[in-house]
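>>> Here is my input, please return the structure:
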Amino acid sequence: MDHGIGALSDLKCAAVSKDQILEAFNSSPRIARGLWWSSLVDESILRQWLTNLGQRFAYERMAHIFCELWLRMTIVGLADGDEFHLPLTQNQLGDTIGLTPVHVNRTLQRMRSEGLIEFEQRRLKICDIDKLKDIAEFNSDYLHLERR
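Numbering: from 1, shown residues only. From the prediction side, this is the model:
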């Protein structure tokens, strides 16, 4: 691998060999199709994040990640209405969206002062999701959440 992976919360992990994956592909076309679909969604998310880094200013970039995280947490039942657990430090958030800790802090302060978010004790509350989506120009199509 050319990268590392870390977890921000507890998780269960299983090692699956290449041979086991190939066998699953051969014996179950539905599993193969599901993993293929997952790869396509991952690529779509990667393109969106490249756009974040290359085309959006810090304010829009942070609004975008908050919209994406809120929606993904909502879909899997981990959001409590307009808030969810976000176990990121400002340093980690900055690393994720390509900003210095100082810039993250200033951007969070601006969002708080404009009444868009509350971020305390590792909980993010989105106070105005529609305005946040407008700022981020957020369109969730790239997440492919709707069944076709």
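>>> Low-confidence stretches in the protein?
147-148 (pLDDT under 70).
>>> in terms of contact, does Glu137 touch Arg61 like I think?
No. Glu137 lies out of contact with Arg61 (C-beta atoms under 8 Å); the separation is 10.9 Å. Where C-beta positions appear, they are placed from N, C-alpha and C, glycine not excepted.
>>> Comparing the two, which residue is more hemmed in?
Arg61 (22 against 13; other C-beta atoms under 10 Å).
>>> Now do the same contact list for the more buried one.
52-53, 97-99, 136 (C-beta atoms under 8 Å, 6 or more residues apart in numbering).
>>> now with 10 Å?
Listed by C-beta atoms under 10 Å, 6 or more residues apart in numbering, the contact partners of Arg61 are 49, 51-53, 55, 96-99, 103, 107, 136.
>>> host element of it?
helix 58-75 (DSSP states H and E).
>>> how far off helix 58-75 does the helix ranked longest in the chain point, in degrees?
In terms of residue count, the longest helix belonging to the chain (DSSP state H) is helix 29-55. For helix 29-55 against helix 58-75, the angle by axes from the mean of the first three to the mean of the last three C-alpha atoms, to 10 degrees is 160 degrees.
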